[in-house]
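[1] no sequence on this one, just coordinates:
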């Protein structure tokens, strides 16, 4: 692959990751709004702060590379997150479905950052590779929190259903 093409491909992946983080931020807002357990809500709020930082770091990498963000990717992500938010308010079994959706999303982010780190290294952009590596570590930590709380999510669902 020609160097110019590699750099353009990297720019596209950074834009995609930045738009992904904007989408995740809105998804987290919805999950926070439908979560009553204080510990889980706190974990989600902490991860939302991390997500804001991830998005900002990616935007800064784009600016450093002389690029802007992708409006098309941002709008598509926002639309999907808004639809999910409406669905979250209406659905039953919120604790387990939020956990499932969060777990899947974290793993999609992990995959995105693993690819971005490797692409950035190949393109000689060590700063972007480092951002991807650090963001990925936060995503892994959040996935681990979800994974270690499956029983709690089920307990919350059972309690919620019993009250309904």
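    Right, received. Where do you want to start? Since we're looking at a predicted model, the values are computed, not measured.

[2] where do the helices of this protein begin and end?
    For the chain, helices defined by DSSP state H occupy the ranges 3-33, 38-64, 71-90, 94-122, 126-147, 150-163.

[3] among the ones you listed, which gets the worst mean confidence?
    Lowest mean pLDDT of the helices of the chain: helix 71-90, a mean of 49.

[4] measure the residue nearest to residue 134 when sequence neighbours are not counted to residue 138 for me?
    Nearest residue to residue 134 in three dimensions, chain neighbours excluded: residue 57, at 7.9 Å (Cβ to Cβ, 6 or more residues apart in numbering). (Glycine included, C-beta is placed from N, CA and C.) The spacing between residue 57 and residue 138, counted by Cβ to Cβ, to the nearest Å, is 11 Å.

[5] then residue 144?
    11 Å.

[6] who has more neighbours, those two?
    Between residue 144 and residue 138, counted using other Cβ atoms under 10 Å, the more crowded position is residue 138 (20 against 11).
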